[in-house]
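Participant: Below is the structure, and that's it, no one-letter string:
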């Protein structure tokens with residue numbers, strides 16, 4: 001069985017550790033990497049695809065260190081960086097054929113694969129349109145297509161839904177679920193809905209450290225009893241915003257209803273929320289990075 005393994009993976013810049021002794025093992029399936037902006041997600045992914053050299057630790061593909069594999073590793077890898085490069089005057093078709101040539105793919109195979117991928121990502125009708133005319137979402141779909149050209153066994157996607165509207169995000173999630181049967185798919189995002197319904201396991205990265213991992217169900221269990229609904233006045237709401245991570249606020253009959261994250265009831269009449277969400281998990285771990293506390 002294919003496997004990607006990181007052992008004590010570390011990347012430092014001077015005295016700052018962007019990624020700090022991260023270890024995990026991935027087998028076929030979809031994995032979500034969640035973290036606030038600046039948590040080290042992109043640095044970690046760039047090391048996994050051998051764009052960045054680690055300061056410490058090792059990465060193994062099927063028990064072989066990736067630095068010893070060279071082109072063999074690139075042959076099994078598909079990568080969509082957060083900001084991928086492209087020539088604006090290329091059409092979507094030309095872009096895929098150009099990327100296929102860089103990957104060393106046979107011309108006949110490349111044309112057949114490009115055609116099927118443009119169909120898959122919903123760009124078949126725009127195959128001859130120049131990339132400079134594409135919306136942000138269409139460009140992301142072209143980027144996803146290029147990452148799949150070599151039918152990779154390891155697919156690494158850094159913030160792949162940036163620029164996609166809700167309908168396109170649903171299409172993307174369905175696409176990932178469809179192609180992940182025999183692949184390792186690692187998806188980095190700070191949009192929890194992108195991974196909540198499709199990820200087999202989720203990793204939480206905070207300030208370069210892996211602070212938790214597990215299924216959605218196990219992560220939700222960790223915040224059970226820590227999510228509260230509070231009905232209060234606008235003035236009281238302002239005070240609670242200063243003290244706690246608040247997941248949601250709505251106005252109702254002259255009052256404010258808050259969804260608050262706290263170890264203990266934030267007010268005497270706070271009601272426990274019985275069904276936490278992955279967004280609650282995210283705010284529980286990362287809320288203070290936006291100036292909130294627990």
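Facilitator: Yep, it's here. Here the structure is a predicted model, which is why all the values come from computation and not from measurement.
Participant: where exactly do the strands run in the stretch 101-250 of the chain?
Facilitator: Counting by DSSP state E, counting those that start in this stretch, one finds strands in the stretch 101-250 of the chain at the ranges 154-158, 184-189, 201-206, 209-214, 227-232, 245-252.
Participant: so which of the ones you listed comes closest to residue 98?
Facilitator: Nearest of those to residue 98, taken as CB to CB: strand 154-158 at 20.0 Å. All C-beta atoms are positioned from the backbone trio N, CA, C, and that covers glycine.
Participant: How far does the closest one sit from its chain's centre?
Facilitator: Taking the mean of its C-alpha atoms, strand 154-158 sits 9 Å from the chain's own mean (CA atoms, centre = their mean, to the nearest Å).
Participant: and residue 284, what helix or strand is that in?
Facilitator: Here residue 284 sits within helix 278-286, counting by DSSP states H and E.
Participant: buried stuff in that helix?
Facilitator: Neighbour-count burial for helix 278-286 flags 278, 280-286 (criterion: 16 or more other CB atoms under 10 Å).
Participant: about what we covered before: mind checking which of the strands of the stretch 101-250 of the chain is nearest residue 55?
Facilitator: Across the strands of the stretch 101-250 of the chain, closest to residue 55 is strand 209-214 (CB to CB), at 14.7 Å.
Participant: Relative to the closest one, what are the paired strands and their orientations?
Facilitator: Strand 209-214 sits in its sheet next to strand 201-206 (antiparallel), going by DSSP bridges.
Participant: relative orientation of the strand it pairs with and strand 184-189 in degrees?
Facilitator: 40 degrees (axes from the mean of the first three to the mean of the last three CA atoms, to 10 degrees).
Participant: tilt between strand 201-206 and helix 278-286?
Facilitator: Using the same axes, to 10 degrees: strand 201-206 against helix 278-286 is 30 degrees.
Participant: which residues are in contact with strand 201-206?
Facilitator: Applying CB atoms under 8 Å, 6 or more residues apart in numbering, the contact partners of strand 201-206 are 22, 24, 29, 31-36, 39-41, 44, 195, 210-216, 219, 278, 281, 285-286, 289.
Participant: repeat for stretch 189-198
Facilitator: With CB under 8 Å, 6+ apart, stretch 189-198 has contacts from 30, 32-37, 159-161, 169, 172-173, 176-177, 187, 202, 216, 277-279, 281-282.
Participant: are any of these buried, and which?
Facilitator: With burial judged by 16+ other CB under 10 Å, the buried subset of those is 30, 32-36, 159-161, 169, 172-173, 176, 187, 202, 216, 277-278, 281-282.
Participant: What's the per-residue pLDDT of the closest residue to residue 146 other than its chain neighbours here?
Facilitator: Counting by CB to CB, 6 or more residues apart in numbering, residue 99 is the residue found nearest to residue 146 once chain neighbours are left out, at 4.4 Å. Turning to residue 99, the model gives it a pLDDT of 95.
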